Structures are given as structure tokens and as C-alpha cells.
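1. Can you look at this prediction? I've put the sequence above it.
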Amino acid sequence: MSEKTPAFPGLLRALIARPSVSSCDPSLDLSNLDVIHLLAEWLENLGFSIAIHKVAAGKANLLARLGGGGTAGEGLVLSGHTDTVPFDEGQWSCDPFGGIERDGRLYGLGSCDMKAFFALAIEAVRSFDAKSIRRPLTILATADEESTMAGAKYLVAHDLKPGRYAIIGEPTGLKPIRMHKGVMMESIRVLGHAGHSSDPSLGANAIEGMGRILNELLAWRTELQAKHRNPMFKIDVPTLNLGAIRGGDNPNRICGHCEMLIDIRPLPGMDLFELRQAMGERLAVALADYPKLRVEAHPLHDGVPAFESPADSAMVRACEAFSGVESGAVAFGTEAPFLSSLGLDTIVLGAGNIEQAHQPDEYLPMEHITPMVNILKGLIGRFCVEDTGKRHG
Ligand SMILES: [Zn+2]
């Protein structure tokens, strides 16, 4: 019955072959259960005990644990998300689910972001004798990172602390990442009254109100960027992007409704709740002279907090030692702030480059495989095998 656990890249090919797109667009959203069950089968073959947590209909997290006598909240977690983003039909030069290997690259949807991590983790794990694992080694595979972060949020909501140390294998080009920005996506709506364009008193123009709001948001952005700066980031200030705007229908009608979508990327130390409050105040100020217009703002999702691990944490130091690369910061969001909020010493480090993620012909550079497996072996040795007395001071 049980599928034998193949070698890399067979592992990766099998994962790529099982579609697990997650999307806020229900017509594109798929279940991740095929990937979860395949990982469960492979890991069970390697002696892991398996727990599958249902996150939503057709969506689950996997917590697979090896060794350590079942001590909860201890040991090392190798963490990744099982889902991928949707793909552009017709823009790939090969089958997105084919796992084709060519010119030192393995192509496929999720090859670098981030199904490869599970294959690499299994490669690393199987070089250890299960009996040598003193502290639990946990493989965590989550649902819906690319859409709602529901899998990571499930852990926080249920206070499931899967270990003490965590590495999230997002594609960082083998560089340890101890900081990233947060993500907030908000919808701002201005509600006015439609009316005949020939007489402005017949209505209240939502586009004019949105114009005021737009200027107020740009002024707020300038203030935020003057106040917050972090040289660890390539874009060293928080950003605010005006992403979409739509309103009205006819030139001869006063516009009764206008909506704008914005994206804010806060730096570590900037609180999402406080930012939303400050934004609400600015929106009210912008429309103070327009009593007939109403503005409402709501988040498109809860948002992802910024993430920061101390430069001298055990995980940061171990990852710098095993990779030979100094830790840094990235601009993309991950599940790290959720694991961090559960008290895990967390880092983001993985094979593949973010430049190849979320786009046609996504691939994993094969030259990343051996160094990443070696980093993972080093971490397993350090946090699960070595005598605690010798380390962890
Ligand atoms: Zn990812």
C-alpha cells in the first residue's frame, strides 16, 4: 500500500505533479490534501508519527514528528507551505506539473516556492538513524500560505507550538533571513450619491473624495518613510502602493461610488493594528470638508506582521555557521511571524531564488540541493542529536 519514499528529485517531481494551488479566487483554489497525504506516507515510512489537522474544507496542516520522546514544544521544526500560487496558462515553456529537468534546473509550479524544501528535508532526515534523535524533529507542512495564511493562523489559534526552533524553507538563495516586512492589503471605499452631471448639487462625487484621500495617503506615506527606516532592507522604508482604483460608470453621471485597493509593507516594529487606526484617522481628515461623502476601509485579509529575530539567537547563529552567509532581510512575507509569536526561535532559509517564484517557468537550481541538504543536516545534528549539555547555553 504505502508508496516507497523515492530519492530526490523523484520526491520533488511527485510533489510538483500534485496541484495544490491556493487562491482567494474560489474558481482557482484547490485542495492541498494530495500533497499532505503523500508527505504523510513518505514520513511514516521514515518512522515519523503523523498528525493531520483539518484547517478548512479540503485544506490541512501536517505535523510529522520523529524521536525525542514526544516532548511538546521542544526540538527543531522544518517548516514549509504545501500550496502554490496559480499559474499562467500558456506562458510556460514546459508542463507546470511535469517536473522537467533541464540545464541544471528542475522546472515546475512550486519547484522553488516551496515544494523543494520538503524533498530536501526528507533527504536530510534520512541520513540520520532515528534512534539518534534525542529531541523531537518535526516537519510542519501548512495550508494556504499563498492566500490567507490559514494554516499558520490555525497553529496560533490552537496554541500549537510545534517545537523550540524553526526553519522555514522559503526560497532565499541559501541566505539566512531574520527579518522581513509585513503585508497589509486594504480596500478603501468612498460612498457618495449619483446624480445628473449638469447639476453638482444633485449628488456627491465619490471620485472627488477619493482624490482627496489619495493625496492624504501619499502625504501619510511621506511621513511614515521619514519616521521609519531600517538599513537591513534594500527598500529601507515602509512602502504604500496604490494598487487599483475603480469608480463610476458614465461621464454624465456624478460618481456615487469609488473603491481603491492599497498595499502597505511595514518594517519590523510597526504594528498592523496601529497602522490601520492611523490610516482611518487620515481618511476621516481627508473628507472633513465633504459631509455628504462617507468613507469606509476594510482589510482584504488580516495581514501578515513584519518579522524579526534577534541577530544573536541560537537559530540565527547556527544558520549563519552552516550556510557560511551572514543573515539579512527580505521584502516578502512568510509564516515566520506566526511561528515567532508562538515562541519559536525562527529563521527563513531555503534553496531557490525568489526571483523565480510566482512566475512562468519557475525552477529550482539543482546546484542548491547539496548545500541545502547539508545545512539541514547541520541543524538536525545541532538541535536534535547533540548532547544538550554541550550546547544551548
Ligand atoms: Zn512561499
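-> Okay, I see it. Numbering: from 1, shown residues only.
2. got a list of what Ile354 touches?
-> Neighbouring residues of Ile354 by CB atoms under 8 Å, 6 or more residues apart in numbering: 113, 170-173, 330, 332. Placement of C-beta: from N, CA and C, glycine included.
3. Try it again at 7 Å.
-> 171, 330, 332 (CB atoms under 7 Å, 6 or more residues apart in numbering).
4. so which of the residues you listed comes closest to the ion?
-> Comparing the contacts of Ile354 against the ion with CB to the ion picks out Pro171 as the nearest, at 7.0 Å.
5. one step back: among the contacts of Ile354, who's most crowded?
-> Counting neighbours by other CB atoms under 10 Å, Pro171 leads the contacts of Ile354 with 27 neighbours.
6. tell me the contacts of the nearest residue to Ala351 once chain neighbours are set aside?
-> Closest residue in space to Ala351, ignoring its immediate chain neighbours: His368 at 3.7 Å, by CB to CB, 6 or more residues apart in numbering. His368 sits next to 174, 351-352 when contact means CB under 7 Å, 6+ apart.
7. got a list of what the closest residue to Ala314 other than its chain neighbours touches?
-> Leaving aside its sequence neighbours, Ala314 sits nearest to Asp345 (CB to CB, 6+ apart; 5.8 Å). By CB under 7 Å, 6+ apart, Asp345 lies in contact with 164-165, 309, 313-315.
8. Quickly list what Asp345 is bridged to.
-> Counting by DSSP bridges, Asp345 is bridged to Tyr165.
9. roughly how far apart are it and the ion?
-> Between Asp345 and the ion the computed distance is 20 Å (CB to the ion, to the nearest Å).
10. average model confidence for stretch 266-284?
-> Mean pLDDT, stretch 266-284: 96.
11. Of all the residues in it, which ones are buried?
-> 266-268, 270, 272, 275-276, 279, 282-283 (16 or more other CB atoms under 10 Å).
12. Now intersect the residues you listed with the helices, please.
-> 272, 275-276, 279, 282-283 (DSSP state H).
13. With distance to the ion as extra columns, can I get those in CSV?
-> Below are these laid out as CSV (distance: CB to the ion, whole Å):
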residue, distance to the ion
Leu272, 20
Leu275, 24
Arg276, 25
Met279, 27
Arg282, 32
Leu283, 32
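14. and which of these is nearest Ile50?
-> Ile50 lies nearest to Leu272 out of those, by CB to CB, at 34.1 Å.
15. Wait, that closest one touches Met185, no?
-> No. Using CB atoms under 7 Å, Leu272 is not in contact with Met185; the gap is 11.1 Å.
16. Spatially, which two of the buried residues of stretch 266-284 are the most separated?
-> The distance between the two most remote of the buried residues of stretch 266-284 (CB to CB) is 25.4 Å, for Pro268 and Leu283.
17. Skip the chain neighbours and tell me the closest residue to Val386.
-> Let me fix one detail, which is that residue 386 is Glu and not Val. That would be Arg134: by CB to CB, 6+ apart, it lies 7.9 Å from Glu386.
18. Would you point out the most distant pair within the contacts of Asp345?
-> Maximum pairwise distance in those, criterion CB to CB, is 13.2 Å, between Arg164 and Ser309.
19. what about the two, which has more around it?
-> Higher neighbour count among Arg164 and Ser309: Ser309, with 23 against 20, using other CB under 10 Å.
20. Contact partners for the more buried one?
-> By CB under 7 Å, 6+ apart, the contact set of Ser309 is 178, 315-316, 340, 345-347.
21. Ok, Lys153 next?
-> Applying CB under 7 Å, 6+ apart to Lys153 gives the contacts Phe338.
22. Please identify the residue of the stretch 101-250 of the chain positioned nearest to the ion.
-> Relative to the ion, the nearest point of the stretch 101-250 of the chain is Asp113 (4.1 Å; CB to the ion).
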